[in-house]
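**Q** I need the structure of the sequence given here:
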Amino acid sequence: MAITPENCYEDAMTIDDLYETDFYVWAKTQAEALRARGRGANALDYDRLAEEVEDLGKSEYREARSYVARIIEHLFKLAWSQNAAPRNGWRAEIVRFRLAVEAVLTPTIRRKVEEELERLHTASAEATALQFADLEPDAVCDASLRWTLPQILGEAPIEGD
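**A** Numbering: from 1, shown residues only. Prediction:
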């Protein structure tokens, strides 16, 4: 019999055991306990619950950062490439990445990402330059190009685009 929120206390010795053996059921059990306000057999695992809730926020921040970095990489590709063929594919990916980042971007995450823009530009330029060494060895890779967060997110125009 599988461990479920209904029978987890029968199959697991403690809430600690459940957390270690089946995180999914632990999470469902904790959600039920929250809904029941911690009454009855569903005791809240406060320490781990706090860690997991905090990790959810960190995960969304990492996801937003990753999408912004991918957008910057594609903006470098568009700026550096002399080839016409891949450009529309890169533009389409930018549209998809902007949609994805929009889903997780909160005012706080936005501020944190904005604080990291210089580092994201530097890392993205380096990664894209490595790709271009093979794709377009004669391309001029100007790593000093910078875009604002509104430009990266499509909220402001990019000159020459």
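**Q** after the longest helix anywhere in the chain comes which helix or strand?
**A** Criterion DSSP state H: the longest helix present in the chain is helix 46-80. Sequence order places helix 87-104 as the next helix or strand after helix 46-80, per DSSP states H and E.
**Q** buried stuff in that next one?
**A** For helix 87-104, burial by neighbour count (16 or more other C-beta atoms under 10 Å) applies to 90, 94, 97-98, 100-101, 104. Glycine gets a C-beta too; all of them are placed from N, C-alpha and C.
**Q** what residue is smack in the middle of the chain?
**A** The centroid of the chain falls nearest to residue 63 when counting by C-alpha atoms, centre = their mean (0.4 Å).
**Q** quick check: closest non-adjacent residue to that one.
**A** residue 104 (5.1 Å; C-beta to C-beta, 6 or more residues apart in numbering).
**Q** ok, now how distant is the one you found from residue 114?
**A** 15 Å (C-beta to C-beta, to the nearest Å).
**Q** now the one helix or strand residue 122 maps to: mean pLDDT?
**A** Using DSSP H and E, residue 122 sits within helix 117-135. Mean pLDDT, helix 117-135: 95.
**Q** got the domain ranges for the chain?
**A** 8-44, 60-152 (automatic domain parsing).
**Q** contact partners for residue 105?
**A** 64, 113, 153 (C-beta atoms under 8 Å, 6 or more residues apart in numbering).
**Q** any idea how far it is from residue 29?
**A** 31 Å.
**Q** same question for residue 77.
**A** For residue 77, the distance to residue 29 - C-beta to C-beta - is 46 Å.
**Q** please apply the same query to residue 75.
**A** From residue 75 to residue 29 the distance is 45 Å (C-beta to C-beta).
**Q** quick one: low-confidence parts of this protein?
**A** Where the chain drops to pLDDT under 70, the residues are 1-13, 15, 22-24, 38-43, 161.
**Q** go again using 50 as the cut-off
**A** 1-5, 9, 11-12 (pLDDT under 50).
**Q** alpha carbons only: can I get stretch 30-39 in CSV?
**A** Taking Å, rounded to 0.1, in the frame of the first residue of the first chain, the C-alpha atoms of stretch 30-39 are listed here in CSV:
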residue,chain,number,x,y,z
GLN,A,30,1.6,19.4,5.4
ALA,A,31,-0.8,21.2,3.0
GLU,A,32,-3.7,19.3,4.6
ALA,A,33,-2.4,20.1,8.1
LEU,A,34,-2.2,23.8,7.1
ARG,A,35,-5.8,23.7,5.8
ALA,A,36,-6.9,22.0,9.0
ARG,A,37,-4.9,24.6,11.0
GLY,A,38,-2.8,21.9,12.6
ARG,A,39,-5.7,20.2,14.3
